[in-house]
Each structure stands twice: as C-alpha cells, then as structure tokens.
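J.: coordinates for the following, if possible.
(2 chains)
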Amino acid sequence: MTRDNLTVKELFCLYNRGAVTREELKVKVPEILEVIDNRYHAFISRATDFDPGVPPAYPCVAADNICTESLNTTCGSEMLLDYRSPFTASALDKARSSGFFLLGKTNLDEFGIGDCTGRSFFKTTFNPLSQDHLAGSGAAAVVAVGGAVAGFASDARGGLRQSASFCGLTGLKPTYGRVSRRGLIEYASSLDQVGVITAGVDDATFALRCISGPDSKDPASQESPPDQDSTASGFRVAVPEGWDRVSGLSAGVKSVFNKTLSLLAELKVEAAEVPFSYLPLVSITAAIIGATEAFSNLANYDGVRFGKRMSGDHLQDMYVKTRTAFFGRRVKEFLTFGAFVSSGGNYREYFLWAQQNRGAIQRRLMAILKDYDFLLLPTLPFTAPTLAESSGLVNGADVYTALANLAGLPAVTVPAGFDGRLPVGVQLIGRPFAEAALLKAAKLLEEQGGREVVAP
Amino acid sequence: MSDLLHQLRAAAWDARLNFAPTEEQELLTGLEEVLVMVNELKKELDTTGETPLFFPPLPLGRMEEDRPGKSLPREVALANAPDAGYTCFHVPRIVVE
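T.: Numbering: from 1, shown residues only, chains lettered A, B, ... in the order given. Predicted coordinates for the structure are as follows:
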C-alpha cells in the first residue's frame, strides 16, 4: 500500500510512531475527509485546523448534537443552523484530554429523532458498503472507511447501535450514568446516553475508558463501581423468547442470528431461550416516552435565546411561526405526538401506561440478568434501508435496541455476518456498569464474525 | 370535526406548531394506527398493576453541596440570540389585544 492510499486512521497511526510528519498530516487529512464527505455526505462541519499536537493523537468525529466550542452544533436542523455552543461537551473534553483529535461534526437525524436514517435538514448519508442504502449516521460512515478511530454519538432508542450495525461496525451504548451528558443536546433525557462507534471492540474499550466518569455538571453521571466480571470461567447468555416473531424480521437477519447461536454452542457458551413477553411493547413504549421528553426538551427552540426566528405579530405567533418553519416534518410530528400522549386527558391512557411498561421491562431484564451474564438479540430486525424507504411514527427499528435504553443498561452491537452485501449485527445487553465483561464477550463474537474493509 | 382531530390540533397548539391540511391528515392517520396498536397491546399484555419507572435506576446516589460559581457571561449568553440588545433578549409584544 502506498502512502496515497492510507486512511486517516492509518495516517494518525504512522504519525504516532513518528513515520508521518505533522505537516504531512495537516495536508493529507483534510483531503481525505473531503473525499469521504463528497462520496457519503457524512459531515455537517469539518475542522479547519488539523494540527493534532504532540503524539499520540487519535482521530475522532462527533455527531452534531454534541456541543463543541470550535465548530457549530446544528443537531442536523435548520433551527440551529448557526448555533455555536459556549462550551464543549464534557465527554468530548475528556476525550480530548486523552488524546482524541476532533476532525469534524457528523450528520444525524434531525435532533437524533428518527429511525436512524441519517437524514438531516442538510443531507442524507450514504452507506459505504452500498451507496443505495442508508448509513444511519455520518459518524458510522466515517468510521467505516477508516476516517476516524471513534465516532462519538448519542443513543436514545438505539440509533448509535443501529447505524453501527448498518455499516458493519461496533457500537457501544454505556450504562446510563457512566458518561456525562453535559453538552449533549438530547431529546429524551431518561433514555439518551453518549456512546461510541468504532471499527472494533478494542477501539470501543479504549474510547469508553476515555469518556467515562462522573461530572459535577451532570447529576446523573456516576463514579463507575468496580466491574463485577463474573465471566472469568465462561458466561451464560439469555435469548429473550419471541425474538424471531418480531414484525419485519428479515430471513437474512434471522439466519445470521441463528448462526451466531450455533457458533456459541460450538464455543461451549451456554445460550438459553428465556421467557420474555414484553418485546411487542418495546417500540411503542420507547416512542411514547421519547416523544414526551422531546416535547419538553425541545420547547426552548422558540426563536428567543438561540436558533432561527420568524417574525410574528406577538410572542405566541412568533413561537408558532418559528417552530413550524425551522423544524423538519418528522420532528414536528414527533413533538405533537409527545404533546398528545402526555396531555391531561391522555396522560394515564398512554404516558403512564408506557412508564408502567418500562417498569415491567426493567424488572424482568434485571431478573434475567441475575441468572445470565448477558442478553443476546439481533441489533435490528432488518439491514440498512434503501434511500427511498421512509418510516412513520413507530416503525419497529428499535424493537431490540430500545430495551437497553428503557432499562438504562449497557449494550454493544458487533457485526456477525452478511445478508447479501449488507452487514448484520448482533447485540449483547449486560448488567449495569458491567461494560468490561460485556466488551470481553463482544470481542469473542467479533473474532468469529469479522468485517469488510471499505476503501474511502 | 372528530374528537381525535380536535385533540391533535390541541396537541399541535401545545407544541407551538402548525400543520398544513395534508400534513395534518397524514399525521391523523398515523396517530389512529398507533392508537389502535396500543389498544391491541393492552388486551394482549396487561401491565396495569406495574410500578411505573420514570428514570433508569442509578446504583450510586450522588449528592453535592451547592457551591457558588461563575455564570455564563451575559454577552456570551446573548451571542446566539436572533435578536438581542446589550442586556436582554428582544421579543415581540406579549399581550395581545
């Protein structure tokens, strides 16, 4: 391989070993990122200064709903077209002090609300493995072509893991509270967590270590208790029953998942199907809770303190015109849905029902995790959608992933095989703050699965 | 006007949003489908007696003393406002005659 064919990740690797100069890096990296952006429409903004400082330096990108002082933070929305945060998110601050160098901010569904399509006001990100298909997020597309070691992004109902799965990558959503959410413009505070997309489990392990830890400015962030790794002498995996009766489950995904189960049997890992009746509730429960919290969290985008404004005859008129003009249609529908299900007459019927579902789901998952080390599920019922496919209020993409968000548990997706040209991921969900054990098991699966390397 | 359409318009008002008639009709159709699904799920799986969970349980409570600190400087807080003066955000009149 000549130097002209190196990825950004490889160039930084050589830089860290002293084999590439800082000047060479400063010239080559922006050129490669431009190629990636032109081809896959992955970035919303890119850094202008590519001096990584003293090695070691690890190239990273961040979804554009994570605040940065150095670049605008648009959340993929026209509403925040020119917004520049006065501070950088705590997770990115921690990453920077561990040597991560931010190359740019990446595309996402507007405010992260969507079904992991990677469609924002600005652009739609193409999947590097098949440009007729969606990548799910810009961060996944960049990491898939070696444009960064890590893509930091948020995961409210599973978007991070879904896009990682679409692109044949590792996607880790940490335990709720392990990583500070300060500076994450989240739409669902009780579901959202900053996580990481990487090419493999080792990179995810490193990146997680760099961003973890308590933050005085996020009261939900926690000092991680010592990992209770019970897997030293092997581990037990629970497969929730009904996983294969989920609406929209493709034959290809089912086949890859069954192969994973066979593989575990060959490896002498105990995998047993366990009673779990709540899968049909997952998507609608997460949608109701997510929409209600979004209705509240996004109320401050009204044209007063930041973002765009439409003129109005009076304050209420200005609010309505501004929000109607500058939110995308999917976001507007989601916010209205959130207002509907949480309104006085509907609160008990829908919102409280969803929280009761959530309680039932969380308690059942914890009961299963008393006897088993992990739950194993497909990451999604299907592979990456085509560019033409769209979705409604609830489309079931998150039927497996949102379990971890509802219960605040850590989860990781790793590629397990292919359905035609498109990768299929499987997901492990672990006990709270047991990421070390989770990643160890994910590594075992990764070693059996493998991934396709794509040239940028 | 159907009761559901009335409720949908009230929800849009609460969310400070307007929908064009075609958008409203599509949203109404989507909402009807979701509500039918919820009613079917309620018949299949009864979670009535379950304790609701509004927030993921955090294993370690973390309380901190209040400490005085620096606020965001006024000019920084105003920098992203679409219309601001030296000391405050500018908004249209609030009281409607």
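J.: mind checking how far A:Phe206 is from chain B?
T.: Distance of A:Phe206 to chain B, given as C-beta to the nearest C-beta, to the nearest Å: 24 Å. C-beta: built from backbone N, CA, C; applies to glycine.
J.: and that residue, what pLDDT?
T.: A:Phe206 is assigned 97 on the pLDDT scale.
J.: what's the answer for A:Thr125, then?
T.: Confidence at A:Thr125, expressed as pLDDT, is 95.
J.: leaving out sequence neighbours, find the closest residue to it.
T.: Computed as C-beta to C-beta, 6 or more residues apart in numbering or on different chains, the closest residue to A:Thr125 that is not its neighbour in sequence is A:Gly118, at 3.9 Å.
J.: I'd say that neighbour and A:Thr124 touch.
T.: Yes. At 6.3 Å, A:Gly118 and A:Thr124 qualify as touching, with contact defined as C-beta atoms under 8 Å.
J.: give me the common contacts of the two.
T.: Residues touching both A:Gly118 and A:Thr124 (C-beta atoms under 8 Å, 6 or more residues apart in numbering or on different chains): A:Asn107, A:Leu134.
J.: comparing these two, which residue is more hemmed in?
T.: A:Gly118 (33 against 15; other C-beta atoms under 10 Å in any protein chain shown).
J.: relative to A:Lys370, how far out is the more buried one?
T.: A:Gly118 sits 37 Å away from A:Lys370, going by C-beta to C-beta, to the nearest Å.
J.: for B:Val76, same thing?
T.: From B:Val76 to A:Lys370 the distance is 49 Å (C-beta to C-beta).
J.: and the two? which has more neighbours close in?
T.: Ranked by neighbour count (other C-beta under 10 Å), B:Val76 and A:Lys370 place B:Val76 first, with 11 against 7.
J.: tell me the phi and psi of A:Tyr278?
T.: Main-chain torsions, A:Tyr278, degrees, to the nearest 10: phi -90, psi 0.
J.: what do you get for A:Arg245?
T.: Backbone geometry at A:Arg245, expressed as degrees, to the nearest 10, gives phi -110, psi 10.
J.: check contacts around the nearest residue to it once chain neighbours are set aside.
T.: Residue nearest to A:Arg245 in three dimensions, not counting chain neighbours: A:Leu279, with 8.0 Å by C-beta to C-beta, 6+ apart. Contacts for A:Leu279 (C-beta under 8 Å, 6+ apart) come out as A:Pro240, A:Gly242, A:Trp243, A:Arg245, A:Val246, A:Val399.
J.: what residue in chain B comes nearest to chain A?
T.: Nearest to chain A, among the residues of chain B, is B:Pro56, at 2.5 Å (C-beta to the nearest C-beta).
J.: number of nearby residues for that residue?
T.: Residues within reach of B:Pro56, counting by other C-beta under 10 Å, total 21.
J.: list the buried residues of stretch A:292-305.
T.: Judged by neighbour count using 16 or more other C-beta atoms under 10 Å in any protein chain shown, the buried positions of stretch A:292-305 are A:Thr292, A:Glu293, A:Ala294, A:Phe295, A:Asn297, A:Leu298, A:Tyr301, A:Asp302, A:Gly303, A:Val304.
J.: wait, a helix at A:Ala204?
T.: Yes. Using DSSP: H, G, I helix; E, B strand; the rest coil, the assignment for A:Ala204 is a helix.
J.: ok, and what's touching the longest helix seen in chain B?
T.: If you go by DSSP state H, chain B has its longest helix at helix B:21-44. The list of residues contacting helix B:21-44 from outside it, by C-beta under 8 Å, 6+ apart, reads A:280-281, A:284, A:287, A:329, A:333, A:336-337, A:340, A:350, A:353, A:392-394, B:4-5, B:8-9, B:12, B:19.
J.: let's go with 10 Å and repeat that
T.: For helix B:21-44, contacts defined as C-beta atoms under 10 Å, 6 or more residues apart in numbering or on different chains pick out A:277, A:280-281, A:283-285, A:287-288, A:329, A:332-333, A:336-337, A:340-341, A:346, A:349-350, A:353-354, A:357, A:392-394, B:2, B:4-5, B:7-9, B:11-12, B:17-20, B:47-48.
J.: for the chain, what spans make up the helices?
T.: In the absence of a named chain, this looks at chain A. Listed in chain order, the helices of chain A (DSSP H) span residues A:8-16, A:22-40, A:90-97, A:138-144, A:159-166, A:201-211, A:251-266, A:279-297, A:315-326, A:329-341, A:353-371, A:402-407, A:435-449.
J.: should've been chain B
T.: For chain B, helices defined by DSSP H occupy the ranges B:3-14, B:21-44, B:74-78.
J.: which one of those lies nearest to A:Pro52?
T.: Among the helices of chain B, the nearest to A:Pro52 by C-beta to C-beta is helix B:74-78 (27.8 Å).
J.: send the alpha carbons of the closest one over as CSV?
T.: Extracted C-alpha coordinates of helix B:74-78, given in CSV (Å, rounded to 0.1, in the frame of the first residue of the first chain):
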residue,chain,number,x,y,z
ARG,B,74,-24.2,38.0,29.7
GLU,B,75,-22.6,38.7,26.3
VAL,B,76,-21.9,35.0,25.7
ALA,B,77,-25.5,34.1,26.7
LEU,B,78,-26.8,36.7,24.2
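J.: and for that helix, what are the contacting residues?
T.: Here helix B:74-78 makes contact (C-beta under 10 Å, 6+ apart) with A:86-87, A:305-306, B:71-72, B:84-90.
J.: so where's the chain uncertain?
T.: All of this refers to chain A. A:1-2, A:226-233, A:390-394, A:449-456 (pLDDT under 70).
J.: wait, chain B was what I had in mind.
T.: Confidence mapping of chain B against pLDDT under 70 gives the ranges B:1, B:59-61.
J.: name the residue closest to the centre of it, please.
T.: Geometric centre of chain B, nearest residue: B:Ala15, 6.4 Å, by C-alpha atoms, centre = their mean.
J.: ok, that one touching A:Val341?
T.: No. Counting by C-beta atoms under 10 Å, B:Ala15 stays clear of A:Val341, with 11.7 Å between them.
J.: show me the contacts for the residue nearest to the centre of chain B.
T.: Counting by C-beta under 10 Å, 6+ apart, B:Ala15 touches A:294-295, A:298-299, A:320, A:323-324, A:327, A:332-340.
J.: what's the separation between it and A:Glu24?
T.: From B:Ala15 to A:Glu24 the distance is 51 Å (C-beta to C-beta).
J.: same deal with B:Glu97?
T.: In terms of C-beta to C-beta, B:Glu97 sits 67 Å off from A:Glu24.
J.: who's more crowded, these two?
T.: Comparing B:Glu97 with A:Glu24 by other C-beta under 10 Å, the one with more neighbours is A:Glu24, at 14 against 4.
J.: tell me how many other residues crowd A:Gly344.
T.: Look at A:Gly344: counted by other C-beta under 10 Å, it has 7 neighbours.
J.: contacts only, for it.
T.: For A:Gly344, the contacting residues are B:Ala10, by C-beta under 10 Å, 6+ apart.
J.: hmm, back to that, who touches both of B:Ala15 and A:Val341?
T.: Shared contacts of B:Ala15 and A:Val341, counting by C-beta under 10 Å, 6+ apart, come down to A:Phe295.
J.: one step back: between the contacts of helix B:74-78, which has the most around it?
T.: That'd be A:Phe306 among the contacts of helix B:74-78, by other C-beta under 10 Å, with 22 neighbours.
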